[in-house]
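J.: Show me the folded form of this:
(chains A and B)
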Amino acid sequence: MSDDRRQQNFAERLSRIAQERDEEPSAPNDPPRRDTSDFEYNAPRESHPIRNTLIWTILLAGLGTGGYFGWQALPPDLVALITGSDAENDDLVLGPENILETDTMSSEGPTLASPVVAQASGAPLNLEQIVANVSLTNGATQIAEITPIIRNARCDLRTPSSSEKVMGVRIENGGLTAPIHALSNAQLAQQLLANVHAVTQEGQNYVSDGGLGGAKNSVDVILTDTTAPIYLVLQNMGSGVIWNLHTAPEVTVAHVAIIGADFSGVANLQSDTTFEAVLVGDFVPPHQYGADDAARDCMVRPWRNPQPDWIGVRKAAAGDLSIQNQMYSYTKGYEAYNRWYKDALGVDAALNTVSLRDAAHVLLGPVPDSPIDYNAMAGQAIHMMPTDHQFTGDQASREAAVTDLQNRVLAAAIGGNISALDPPAMERTGQ
Amino acid sequence: MSGGKISFVIFLLILGLPVAGLNVLGPDITKWTSAFAERDGTGVPSAEAEAAIVDEPVDSLAWMDAVPGLRDSFSTDEITPERYVAIQEILRTEELLNPGEAQPDSALLALYAAARAPTRLAPYCAEVLEAVGLVCDVIRTETFQNRQGKWEILGQLGFIPAAALGDASAVENGRLLNARAVLPHSGDLLPANEPQTRIELLSQAQAFCNQLRDQFGNCVLSRVDFDVQELWITDLEALPAGTNPQRLETTVHFTVFADQTLLDAAGFSEAVSALVNPS
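T.: Reported below is the predicted structural model:
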């Protein structure tokens, strides 16, 4: 009996504690309360919005990131297949790294090697369609002599008359090897300075074959336009070009204006043709990025206007920021050049002009009914901007002459042997 | 779908995605791990490789490679780009040429200056050896034409220090600290650009470095810049005849390897200033 009394006292104490806590006391005979679980379907449901949102966010972010990089990793043609687009024509899908240069299209425009002939409009032609009795210029071609052209010192090209038709070629480099080496002392010094700096600033051994300077290229310019006397403007940005003219019967070349970044010349002029030459460096300082963006007097650096088929333009369109800057600079440079060109010659720089990066043969005018005779450079005089050092003869002898010139000038500049560029270390003696 | 089922699906995804990834990319992952192993050289070495490792001489200074620039500063086995005396010459064009030598085309003068710079500056090594160096070599030259049309020839003479550098290996929590100071001079004029003056300035710089070594346990005279300044003609008119118009402003760079918990860059700069130019 005494045990029942203790149980009753204990129940009363629990009841008092529950009342103090505002809880309803359980009857001593109630069954014990069980813990509930989320996995018990009859259990009360609890809402966990924050937890669930967090889980879904992490999951979706993971899937999204994985999906993005996975999509990027897919081959372009598979992407094109999935999206249903034509990969070759959709540069954005391809991505700039997958837009590659070809044998005939570079980042800076078409490159047409011999025997392909470039023309202003229409597909490139084969040289045999245009000329006959071809004897291409090469490094071994024997020329008669070099006749100097006095450079235009005032940037005032002869104004075309109203009866003349302005036609032009604008390229970076010529596609044939010319039988001439020519270089100025400034070019010689620039090249030798690079070799010297490699020793005195970068600690390298002297390398004498750091690029022979003075090599020149050649381009055949085939003229078939008989509608008017031609005012021919021959422009290039790269190393010097010897322009070799081939005129169809009835074609008159009234005047030739050479605009070159290096020492250039012209061969096979008609006897009555007048000519003049502008060296870009006489009027425009060496190019630095953005320097040619602003129009100015005598902006004679012959930039070419970027076209949609250039690899560079396609890469820019596909999002390559570096190439976008480059193409922007080209465009601004061309605008500045065109402004000067129109002021000087009265026509747009694109009019009747063949423009590409590299060319060996260019046609100005219609395709002739039958091939015209090719004017070989062999045996001809070359009218050329003079400079400090000019070499003719076969390729090997010209290169040997340039090497000898470099060695002589370097030895004189050092005032002794090449070893003087790197004197031996000195050690303390005695003590 | 109930909350419990969703949670179960999430659980399966978290568990299953890595498994699926490993199954799909398994071969590639094998290649990656192989590439890493090759790059890190952690693959099993061949017998020849083991023999080469055994034969390789022990590099007692290898511990220095843990701190960028430490070996170049404290190694005394070789000339390094971290220790040099900067020399400057200012020349008229005729001084660039040898006596009686015909002046070349003006387009070639920059080449002449660059090509003659090492030979012109090599003799300064004798001064470096007399004051601070055991071995000296011309490690870099640079030339340009200044606004006055004169040719400035700049050179770095690398050297192996003659003085003891102190023990850098005893430093814990070490960090390289650099500080510079312009050497003081008496009078209104900077010191003349003359051989004996340069030797004295180099010796003075080394003496300061020795005091820093005594204070901090080590010191490297990492760089001495001899900046040549030419007096104007109007300045020279007020000075005695024969005054050398070329004066020297000398800036000295010191390097110590110190416990970074005890000394920081600002503290070292203050110590150098207090030593070289006490107020």
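J.: and the end-to-end length of stretch B:71-87?
T.: 24 Å (CA to CA, to the nearest Å).
J.: Show me how far that stretch is from its chain's centre.
T.: Counting by CA atoms, centre = their mean, to the nearest Å, stretch B:71-87 is centred 7 Å from the centre of its parent chain.
J.: at contact distance from chain A, anything in it?
T.: Yes. Residues of stretch B:71-87 are located near chain A by CB under 8 Å from any CB of the partner chain, namely residue B:79. (Glycine included, C-beta is placed from N, CA and C.)
J.: Contacts for that stretch, please.
T.: Contacts to stretch B:71-87, defined as CB atoms under 8 Å, 6 or more residues apart in numbering or on different chains, come from residues A:425, B:61, B:64-65, B:69, B:121, B:124, B:128, B:132, B:135-137, B:139, B:154-161, B:165, B:168, B:176, B:202, B:218, B:220-226, B:255, B:257.
J.: Quick check on those: which are buried?
T.: A:425, B:64, B:69, B:121, B:124, B:128, B:132, B:135-137, B:139, B:154-161, B:165, B:168, B:176, B:202, B:218, B:220-226, B:255, B:257 (16 or more other CB atoms under 10 Å in any protein chain shown).
J.: moving C-terminal of the host helix or strand of residue A:192, what's the next helix or strand?
T.: Here residue A:192 sits within helix A:185-200, counting by DSSP states H and E. With elements assigned by DSSP H and E, the helix or strand that comes after helix A:185-200 is strand A:215-223.
J.: list the helices and strands that following strand packs on?
T.: strand A:165-171, strand A:173-174, strand A:176-183, strand A:230-236, strand A:241-247, strand A:358-364 (3 or more CB pairs under 8 Å, 6 or more residues apart in numbering or on different chains; DSSP states H and E).
J.: Just the CA coordinates for the last one, please, in PDB.
T.: When you say that, I think you mean strand A:358-364. Extracted C-alpha coordinates of strand A:358-364, given in PDB (Å, rounded to 0.1, in the frame of the first residue of the first chain):
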ATOM      1  CA  ASP A 358      49.700  38.800-101.300                       C
ATOM      2  CA  ALA A 359      49.600  38.500-105.000                       C
ATOM      3  CA  ALA A 360      51.900  37.300-107.800                       C
ATOM      4  CA  HIS A 361      49.800  38.400-110.700                       C
ATOM      5  CA  VAL A 362      47.100  41.000-110.900                       C
ATOM      6  CA  LEU A 363      44.600  41.800-113.800                       C
ATOM      7  CA  LEU A 364      43.300  45.400-114.200                       C
END
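J.: in that strand, what counts as buried?
T.: A:358, A:359, A:360, A:361, A:362, A:363, A:364.
J.: Tell me the residues on chain B that lie near chain A, please.
T.: Checking chain B against chain A by CB under 8 Å from any CB, the hits are B:3-4, B:6-7, B:10, B:13, B:79, B:98, B:101, B:104-105, B:107-108, B:110-112, B:114-119, B:122, B:125-126, B:129-130, B:133-142, B:162.
J.: before we move on, the earlier item: quick one: the helix holding residue A:192 near chain B?
T.: Yes. Helix A:185-200 comes into contact with chain B (CB under 8 Å from any CB), by way of A:185, A:186, A:188, A:189, A:192, A:193, A:196, A:197, A:200.
J.: Out of the residues you listed, which is nearest to residue A:96?
T.: Nearest to residue A:96 among the residues of helix A:185-200 next to chain B is residue A:197, at 33.8 Å by CB to CB.
J.: right, and that closest one touches residue B:113 too?
T.: No. In this structure, residue A:197 is not within contact of residue B:113 by CB atoms under 8 Å, at 11.8 Å.
J.: So the two - more neighbours on which side?
T.: A side-by-side neighbour count of residue A:197 and residue B:113, using other CB atoms under 10 Å in any protein chain shown, places residue B:113 first with 25 against 16.
J.: domain ranges for chain B?
T.: B:3-55, B:62-276 (automatic domain parsing).
J.: related to what we said a few turns ago, by contact count, what packs against the helix holding residue A:192?
T.: By 3+ CB pairs under 8 Å, 6+ apart, helix A:185-200 packs against helix A:395-414, helix B:109-121, strand B:133-145.
J.: Can you give the contact residues for the second one?
T.: Read that as helix B:109-121. A:189, A:192-193, A:196-197, A:200, A:409-410, A:412-416, A:420-423, B:87, B:89, B:93, B:96-97, B:104, B:138, B:141-145, B:151, B:153, B:155, B:157.
J.: swap in stretch A:401-417?
T.: A:181, A:183, A:188-189, A:191-192, A:195-196, A:208, A:212-214, A:389, A:391, A:393, A:418, A:420-421, B:98, B:101, B:104, B:108, B:111-112, B:114-116, B:119.
J.: repeat for stretch A:47-67
T.: If you take CB under 8 Å, 6+ apart as the criterion, stretch A:47-67 is touched by B:3, B:6, B:7, B:10, B:13.
J.: Stretch A:359-368 now?
T.: A:111-120, A:125, A:127, A:129-130, A:167, A:169, A:171, A:174-176, A:219-226, A:230, A:232, A:248, A:251, A:352, A:354.
J.: buried subset of those residues?
T.: Buried among those (16+ other CB under 10 Å): A:111-112, A:114-120, A:125, A:127, A:130, A:167, A:169, A:171, A:174-176, A:219-226, A:230, A:232, A:248, A:251, A:352, A:354.
J.: And for residue A:333, the neighbour number?
T.: 24.
J.: Helices along chain B, start to end?
T.: B:3-40, B:47-55, B:70-74, B:93-96, B:109-121, B:125-131, B:195-216, B:233-237, B:265-276 (DSSP state H).
J.: Which positions in the fourth one come out as buried?
T.: Buried residues in helix B:93-96, counting neighbours by 16+ other CB under 10 Å, are found at B:93, B:96.
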